[in-house]
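>>> how does the following fold in three dimensions:
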Amino acid sequence: MNDIKDIAYEISKRLYHGGIKPLITEKENYAYIKDPIFDIKRNRVVAEVLKAILRLKLESDKNIIKKFCNYLLKNQNKDGSWNEIHPNYNQPSSLITSIVGETLLFVYEKYEQKNLQESIFKASKYILSQEKSPGYFIKSKCYTADHLNVDATCGAFLALYGKEFSEEKTIDTARRAANHIHENLFLNGSFPYTVNKGNYAYEFNVPCIHYQGVTMFYLSKINEVIKEKWLINDLKNGAKWLSNVQLDNGSFDWSKSGLMFSYYLSGAYAFAFSSFIYASRWDKKYLKNANLCLDVLNRNINDLVLRWERSSWKTFPWSIQRDLRTALLGNYPLGHTIFRFGYGLYREIARRRISDQIDENLFNKLSSILKIESSTIEPSNNYPDIFMTSEVIDTISTVIESNEVEA
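Numbering: from 1, shown residues only. Down below sits the predicted model:
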């Protein structure tokens, strides 16, 4: 194992044993992970942690693996879906169903647990039913816009399912999802967050550093099944855009990222790390970018991963100009552009105020005044986030298990 895998493995092991494992609650037949900040139990977090445990052999006791599987099985809805759970939101979601379905498929492949097959089959049927138009999957009842990262995630699960069970129908659907994303790729290689308005007030047809990595992470899984030349070119161009927005110290230039609620998310560095590693099969220069991502991740871990990339107060004055450039991305009315600028400044303050407890009072007051409806709570301080941590450990463990990185 070479240096980059060693570093990624040490980060994963540290996150699991130091941050995640103390949050696991075991019952007689199942186990779950409770969010220490919001006091909720997310299906996604359990699924992502379970994949990392299996890949990295973080648990010698297979009983915990069985208990996590049992928890996911008991939370599956009758229609085959799983709920996306946030502090203000708990509804069936094709996004979460794809993530959990992929996890159970992974366990099924690894241990040949036939009892999981029916659950996986129902999940695939649910995802297929959520395709509104070719390659466009509805995220959930409350969020109906066409999110390209959701299309990629659904496509990834269907591609892997189709490969395992020799189902050409699901592989063809995964190909449609990838092609739909291909048709909406910006000329500079970035992926917009949404390509229609849905039930949002505005369309978020802007590049986003965090969701660039997310979309590429799941597109790479589709590519492993369909292996289309145009998809390979999209992944190459996507990696080029990501590298162009990365600074010499590893941090991203967030003025190039126009989606305000994902501004400075720490998980962006894990998804970018995976994307750079995948792109290094075509160009080894991306290994340097991947290493830089790990450097930034290391700077943003306090047992769990911090919600947002931390920064010092002395750099705050320079952030104002950056936030203005960010707010001007996209085609929005003046009032909403001003709102975006204010959101950026709010995030600049929050990410510099680090605490193990959240202060949600200001966000709740602002939400009431501005009539903001949000599934998440955006506190005015940075905090250790189990949601961000599960994304990180899932993403980088995928790379550690693969043979992409050569010494």
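
>>> so where is the protein shaky, pLDDT-wise?
Residue ranges of the chain with pLDDT under 70: 1-2, 362-364, 366-377, 402-407.

>>> what about Glu26, neighbour count?
Applying other C-beta atoms under 10 Å, we find 12 residues neighbouring Glu26. From N, CA and C alone the C-beta is placed, and that goes for glycine too.

>>> what residues are up against it?
By C-beta atoms under 8 Å, 6 or more residues apart in numbering, Glu26 lies in contact with 64, 67.

>>> 10 Å instead?
32, 63-64, 67-68 (C-beta atoms under 10 Å, 6 or more residues apart in numbering).

>>> next one: it from Asp79, what distance?
Distance from Glu26 to Asp79, counting by C-beta to C-beta, to the nearest Å: 29 Å.

>>> re earlier: just the ones in strands from the contacts of Glu26, please.
Those of the contacts of Glu26 mapping onto strands are Tyr32, per DSSP state E.

>>> now render the contacts of Glu26 as TSV, adding distance to Ile40.
Listed next are these as TSV, based on distance: C-beta to C-beta, whole Å:
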residue	distance to Ile40
Tyr32	10
Asn63	24
Ile64	21
Lys67	19
Phe68	17
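
>>> which two in the contacts of Glu26 are spaced the farthest apart?
Tyr32 and Asn63 (14.3 Å; C-beta to C-beta).

>>> so which of those two has more stuff around it?
Tyr32 (20 against 10).

>>> in the sheet, who's paired with that one?
When bridges are called by DSSP bridges, Tyr32 pairs up with Thr25.

>>> and the helices in the stretch 151-300 of the chain?
168-183, 209-226, 229-244, 267-279, 286-298 (DSSP state H, counting those that start in this stretch).

>>> need the winner for burial among the ones you listed.
Mean neighbours per residue, mean count of other C-beta atoms under 10 Å, is largest over these for helix 267-279, with a mean of 28.

>>> my read: Lys41 touches Phe68, true?
No - under the contact definition of C-beta atoms under 10 Å, Lys41 does not touch Phe68, with a separation of 11.7 Å.

>>> intersection of neighbour lists for the two?
Residues touching both Lys41 and Phe68 (C-beta under 10 Å, 6+ apart) are 32-33.

>>> looking at the two, which is more packed in?
Remark: of Lys41 and Phe68, Phe68 carries more neighbours, 26 against 15, as counted by other C-beta under 10 Å.

>>> identify the residues contacting that one.
Applying C-beta under 10 Å, 6+ apart, we find Phe68 in contact with 24, 26, 30-33, 46-47, 49-51, 53-54, 59, 103, 107.

>>> what's the spacing between it and Ile33?
From Phe68 over to Ile33 (counting by C-beta to C-beta), the distance is 9 Å.

>>> list residues touching both of these two?
The contact sets of Phe68 and Ile33 overlap at 24, 46, 49-50 (C-beta under 10 Å, 6+ apart).

>>> same list (these) but as TSV, adding neighbour count, secondary structure and distance to Tyr202.
Listed next are those as TSV, based on neighbours: other C-beta atoms under 10 Å; DSSP: H, G, I helix; E, B strand; the rest coil; distance: C-beta to C-beta, whole Å:
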residue	neighbour count	secondary structure	distance to Tyr202
Ile24	17	strand	40
Val46	24	helix	33
Val49	27	helix	34
Leu50	27	helix	36
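
>>> could you dump those residues into CSV and include distance to Ile127?
As requested, the shared contacts of Phe68 and Ile33 are exported to CSV (distance: C-beta to C-beta, whole Å):
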residue, distance to Ile127
Ile24, 28
Val46, 19
Val49, 22
Leu50, 19
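
>>> from these, which single one is nearest Lys169?
So of those, ranked by how close each gets to Lys169 (C-beta to C-beta), first place is Leu50, at 27.3 Å.

>>> excluding sequence neighbours, find me the nearest residue to that closest one.
In space, and not counting its chain neighbours, Leu50 is closest to Phe68: 4.5 Å by C-beta to C-beta, 6 or more residues apart in numbering.

>>> kindly report the same for Leu15.
Ile393 (5.2 Å).

>>> can you map out the strands along this protein?
Using DSSP E, strands in the chain cover 24-26, 31-33, 82-86, 89-93, 131-133, 136-137, 301-302, 304-305.

>>> tell me which of those strands is the most buried.
Ranked by mean neighbour count under mean count of other C-beta under 10 Å, those are led by strand 304-305, which reaches a mean of 26.

>>> excluding chain neighbours, give the residue nearest to Phe271 in space.
In space, and not counting its chain neighbours, Phe271 is closest to Gly213: 2.8 Å by C-beta to C-beta, 6+ apart.

>>> mind listing what the one you found touches?
Gly213 touches 149, 191, 238-239, 242, 252, 265, 267-276, 293, 395, counting by C-beta under 10 Å, 6+ apart.

>>> hmm, try it at 6 Å
Listed by C-beta atoms under 6 Å, 6 or more residues apart in numbering, the contact set of Gly213 reads 268, 271-272, 275.

>>> Glu118: how many residues sit nearby?
By other C-beta under 10 Å, the burial measure for Glu118, its neighbour count, is 12.

>>> for Lys285, see how far away it is.
46 Å.

>>> likewise Ser190?
Distance from Ser190 to Lys285, counting by C-beta to C-beta: 19 Å.

>>> and for Ile226?
Note on Ile226: its distance to Lys285, by C-beta to C-beta, is 26 Å.

>>> next one: Ile24
As defined by C-beta to C-beta, Ile24 lies at a distance of 40 Å from Lys285.

>>> repeat for Ser251
Taking C-beta to C-beta, one finds Ser251 at 19 Å from Lys285.

>>> residue contacts, Gly330?
206, 258.

>>> repeat that for 10 Å
With C-beta under 10 Å, 6+ apart, Gly330 has these contacts: 192-193, 202-207, 258-259, 336-337, 340.

>>> for the residue positioned nearest the centre of the chain, give me its contacts.
For the chain, the residue nearest the mean C-alpha position is Val214 (5.2 Å; C-alpha atoms, centre = their mean). Listed by C-beta under 10 Å, 6+ apart, the contact set of Val214 reads 147-150, 152-153, 191, 193, 208, 262, 265, 267-268, 270-272, 274-275, 391, 395.
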